[in-house]
Each structure stands twice: as C-alpha cells, then as structure tokens.
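compute the structure for the input listed below.
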Amino acid sequence: MSKPQNIIISISSDIGFSLAKKWLQSGKAVTGTYRTKSSLCDELEAMGANLLHCDLGDKSSVNSAIDIINNLNSWETLTLAAGHQEPVSMFLDCNFEHWEQSIMVNFSRQLNIVHGLMPNKSLEKSSVLFFAGGGTNNATIAYSAYTISKIALIKMVELLDAEIIDTTFSILGPGWVK
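Sure thing, here's the model as predicted:
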C-alpha cells in the first residue's frame, strides 16, 4: 500500500518549501500546490514532490486542485501555508475588491480546500495545520484584510478542532516571514 500523502498548500512559500524539503528528506510522500512555478518548485520536484498548480484567487483552480489531490492516495497531514498581504494601504484608501480578494485567499478558500479534502483523509488520526502569520496581536496598520482573515482562521481552527474529533486542527503564528 502507498504511503499517505502530506499535502502542502502553497508549497513554494518559504514555510511550505522548508517543510516539504524536510519531509522529503525523511522519506515522506509530499504533494503540494503552487500559484507561480519557481526554482523552489523545481528543486522539490527533483526531490520527489508531486506538485500542481492552484491559484487560491480562482475558485475553479481550487476545485481542480481538490479533485486531483482526492484522486491520489489518502493524506495524513494537510498544511496550509498561504498568505496574501495585498492590499497594503489604509482601509479607506484601498481598493475594496482587492481587500475582499485577500480575505477570500487567506480565509475562505483555505477552508474550501479543507472541506473538499476531508473525505480523503487517512483512516488514522490526521492533522491540519494553518499559519496565522504576523499581526494578530497588534493593530497592524495598512494590513487590515490580511490581519482580519488570519484572526478569523484562529477562531475557525478552534471550532474545527472541537467539531471534528478524529482530526487535530492547529494554527501557528510564526510572526512576519519573508
């Protein structure tokens, strides 16, 4: 039987790349998504990662990635390392459509992925990990969409962890990363 997958959404981010590299070096099966293919993606593919395109700003791209991942072996770990900081401006000065898009990418589309992948999780206890990023403890002026969406993720993780008892839901707040 094939090894369960370790899924990383936004595998080409600094966090996603580092985690994928560590897992691949330890012999784990890794599947990840990227929005823009980069040399980091090439490096991970050379190490054996299975990568696919997924733009969290595009619902059809998200649904396509969910379908592809669900056709793979079951998964034991789902890590969501996405973070979209735009628009960076005072709330009243920002383009509201861009503001809404940021909330969607940082919050609802990540939950869309969790919802779509839960039926294909490992039969054993699985885990889902989100990242809260920086700015969740202070008023991060000019980053309102990013901050609000990450705070919403914190509460959603608490709810999911209470509702779905055979899966551990966690969220880490590493602070601002590159």
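
longest helix of this structure?
For the chain, the helix that runs over the most residues, judged by DSSP state H, is helix 144-163.

the closest residue to residue 29 other than its chain neighbours and residue 80: what is the separation?
Of all residues not flanking residue 29 in the chain, residue 3 sits nearest, at 4.5 Å (Cβ to Cβ, 6 or more residues apart in numbering). Where you see a C-beta, it was placed from the backbone N, CA and C, and this is true even at glycine. Distance, residue 3 to residue 80, using Cβ to Cβ, to the nearest Å: 21 Å.

how about residue 5?
Separation of residue 5 from residue 80 (Cβ to Cβ): 14 Å.

does residue 31 lie in a helix or a strand, and which?
Element membership for residue 31, per DSSP states H and E: strand 29-34.

same question, residue 45
Going by DSSP H and E, residue 45 is in helix 39-46.

run the chain-centre distance for that helix.
Centroid separation between helix 39-46 and its chain, computed with Cα atoms, centre = their mean, to the nearest Å, is 18 Å.

check stretch 7-26 too.
Averaging C-alpha positions (Cα atoms, centre = their mean) puts stretch 7-26 11 Å from its chain's average.

show me which positions of it end up buried.
For stretch 7-26, burial by neighbour count (16 or more other Cβ atoms under 10 Å) applies to 7-13, 15-17, 19-21, 23-24.

narrow these to those in strands?
When the buried residues of stretch 7-26 are checked against strands (DSSP state E), the matches are 7, 8, 9.

any idea how far residue 150 is from residue 137?
Residue 137 is 11 Å from residue 150, by Cβ to Cβ.

done for today, thanks.
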